[in-house]
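quick one, what's the 3D model for this:
(one chain, ligands or ions: 1)
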Amino acid sequence: MKRHIALLGSTGSMGTQALQVIDQFPDLFEVELLSACSNCDLLIQQALKYKPNTVVIIDEQHYEKVKHALAKEDCKVFAGLQSLTDCMSMNSIDIALSCIVGIAGLAPVYAAIENEIPVALANKETLVVAGELMIQKAKEKSVPIIPVDSEHSAIFQCLIGEHDNSVEKIILTASGGPFRGKTVEELAKVTCEQALKHPNWNMGNKITIDSATLMNKGLEVIEAKWLFNMSLDKIEVIVHPQSIIHSLVQFTDGSVKAQLGLPDMKLPIQYALTFPRRLPSEFPRFSFADYPTFTFEKPDFETFPCLSLAYYASKEGGNKPCVMNAANEIAVAKFLNGEIKFMDIPKIIEKALTDIHFSQPKTINEYLETDKATRIILNSLQGNAE
Ligand code: MN
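Numbering: from 1, shown residues only. Model prediction:
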C-alpha cells in the first residue's frame, strides 16, 4: 500500500528536496497532488514526472499555460488558493506535506486537518499565526501534525518513548545566521547578498533573511509552544554555530536529550514522511572527528530585536503573532527588493505591533483578515518605519 502525498509548495527549496526524498522510495510513496505559487515551468516538469492526480497553480494567470501543458495527462488542473484548500477534501490523500512559505499555507493546512488528513508541516507561519486554532482542530479530529522544521523534528524525536514524563524545558538551537557577532552599526550597512549567504543551511530566500534577523528562531519559539504545548518561559534559545545539534529537551530529572545530524533538510522531511519508522538513507553521515568543537552562546537579543519581538507577540497572544508575521513578510519582501535597510526590518515589525491594537481572531478567516489589514496599513507607509 503506497502512501499518497499531497505536496503543497512543490517548487520551492523544501518542496524540491521533498521530491528528492520521495524519489528514494518509489515503492512507498505516490505523489497525489502538487501545488506551486507561480513557478509554472517547474510545476509542469514535476507533474510530467510524478503524474499526480491533481495539480494546482496558485497564481491564476498561469492557469492556461499549465492546463495546456498537461492536456494529454490524466491530471486535473486547478488555479487559486481556494482550489487548493478545496482539494484538501480529496479522499485519496494520505498525508499533506506543506512546504508553502508564509501565511498562504494557513487555509489549506487547516482544511487538511478538518478533513482528517495527517499533516507534515514545514510551514511554520501556519502555527505562528493561528497555532491555537490549528492545534485545537487537530486534537478534535485526532490528526497528527508532524514537524518538518529541523529543530522541531529534533524535539519530536527526543520526545518519542517518553510518554507522560514531564519536560522541564525545550532548548532550540540557532546557527546565529551570517551576522552572528556583528554590532548594530555593522548591521546597518549589510547588503541583501550578504544576508542571503547562510553559513550552514541551504534554504529559500525568505527563511534565509529570517535566519539573519533571528526572526526565524522567534517564529520557531512560537511554533514549539503550540506543537509541544509548552509555555514560553520553558522554551530557551541557544546559539550553536555548527548546526549539528538540532535541538534538545530537558526532563524533570535533569537529563537532557538531543538529536544530531548534518544540516540537511532531507533528513527531517524523510522522518516526517516515514514516521514512526526510520528507513535507510544515503544521506552523508555526521562524524564527530570532523567536528572537534561544538560551541554555544546566548543569543544577542539587543542586536537582533526580532527574537524579543517574537517572544513579546506570543506572550500578548490574540492577533499579535499574526500582525508580527505579516509585518515580517512585508519587511523581508521590501528588503529583498532593495527598498529598505536590514535594520528597518525589526523597526517595521515593532511599529506594526505598537500601532495595531489587540484583538482576538476566532476563525481562520478572521486571522486572514487581520493579516490583510496589517499588509494594507504597512504598504501605505513610505519605505521605512520612521
Ligand atoms: Mn528551523
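
so the residue of the stretch 151-300 of the chain at minimum distance from the ion, which of the three states?
Residue nearest to the ion within the stretch 151-300 of the chain (C-beta to the ion): residue 151, separated by 4.7 Å. For glycine as for every other residue, the C-beta is placed from the backbone atoms N, C-alpha and C. Taken by DSSP: H, G, I helix; E, B strand; the rest coil, the conformation at residue 151 corresponds to helix.

surely it meets residue 245?
No - when contacts are counted by C-beta atoms under 8 Å, residue 151 is not listed as touching residue 245 (9.8 Å).

before we move on, back to that, check contacts around the residue of the stretch 151-300 of the chain closest to the ion.
Contact analysis of residue 151 by C-beta atoms under 8 Å, 6 or more residues apart in numbering lists 172-173, 220, 224, 246-247.

go on, residue 303?
Residue 303 sits next to 182-184, 187 when contact means C-beta under 8 Å, 6+ apart.

any chance of a PyMOL selection covering the buried ones in these?
In PyMOL, this line selects whichever of these come out buried by 16 or more other C-beta atoms under 10 Å:
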select buried, resi 182+187
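
related to what we said a few turns ago, filter the contacts of residue 151 to the buried ones?
Buried members of these, scored by 16+ other C-beta under 10 Å, are 172-173, 220, 224, 246-247.

report how many residues lie close to the residue in the chain positioned nearest to the ion.
Here the chain gets closest to the ion at one residue, residue 149, 4.3 Å apart by C-beta to the ion. Using other C-beta atoms under 10 Å, the number of residues around residue 149 comes to 28.

that one contacts residue 220, doesn't it?
Yes - contact criterion C-beta under 8 Å: residue 149 and residue 220 qualify, at 6.4 Å.

anything in contact with each of residue 151 and residue 245?
Between them, residue 151 and residue 245 share these contacting residues under C-beta under 8 Å, 6+ apart: residue 173.

end to end, how far does stretch 251-268 reach?
23 Å (C-alpha to C-alpha, to the nearest Å).

nope, stretch 111-124 is what I was after
Distance across stretch 111-124, first residue to last, is 16 Å (C-alpha to C-alpha).

average model confidence for that stretch?
Here stretch 111-124 scores 97 as its mean pLDDT.

now that stretch: buried residues?
Result for stretch 111-124 [16+ other C-beta under 10 Å]: buried residues 111-115, 117-124.

repeat that for stretch 6-26.
6-19, 21-22.

in strands only, show me these.
With DSSP state E as the criterion, strands contain 6-8 from among the buried residues of stretch 6-26.

need the residues you listed in CSV (columns: distance to the ion).
Below are these laid out as CSV (distance: C-beta to the ion, whole Å):
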residue, distance to the ion
6, 22
7, 19
8, 18
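
just to revisit the earlier point, next one: the residue of the stretch 151-300 of the chain closest to the ion from residue 247, what distance?
Note on residue 151: its distance to residue 247, by C-beta to C-beta, to the nearest Å, is 4 Å.

tell me, what's touching those two both at once?
Residues touching both residue 151 and residue 247 (C-beta under 8 Å, 6+ apart) are 172-173.

can you give me the strands in the stretch 251-386 of the chain?
Assigned by DSSP state E, counting those that start in this stretch, the stretch 251-386 of the chain shows strands spanning 256-260.

shaky segments in it?
Per-residue confidence for the stretch 251-386 of the chain (pLDDT under 70) gives these ranges: 382-386.

just the helices in it please.
Listed in chain order, the helices of the stretch 251-386 of the chain (DSSP state H, counting those that start in this stretch) span 266-274, 305-316, 320-336, 344-355, 364-379.

what of the stretch 51-200 of the chain?
Remark: helices assigned in the stretch 51-200 of the chain by DSSP H, counting those that start in this stretch are 63-69, 81-87, 106-114, 124-140, 150-159, 184-188, 192-195.

can you list contacts of stretch 80-94?
3-6, 8, 32-33, 35, 53-54, 56, 58, 60, 78, 96, 104, 107-108, 111-112, 114-115, 117-118.

quick revisit: which pair of the buried residues of stretch 111-124 spans the longest distance?
Spanning the widest gap among these are 115 and 124, at 21.5 Å by C-beta to C-beta.

for the closest residue to residue 171 other than its chain neighbours, give me phi and psi.
Here the nearest residue to residue 171 in space, its sequence neighbours aside, is residue 248; by C-beta to C-beta, 6 or more residues apart in numbering that works out to 4.2 Å. When quoted as degrees, to the nearest 10, the phi and psi of residue 248 stand at phi -140, psi 160.

ends of stretch 188-202, what's the gap?
End-to-end span of stretch 188-202 (C-alpha to C-alpha): 24 Å.

which residues are contacting that stretch?
So stretch 188-202 is contacted by 13, 175, 177-179, 182, 205, 208-209, 211-212, 241-243, 263, 265, 335-336, 338, 341-343 (C-beta under 8 Å, 6+ apart).
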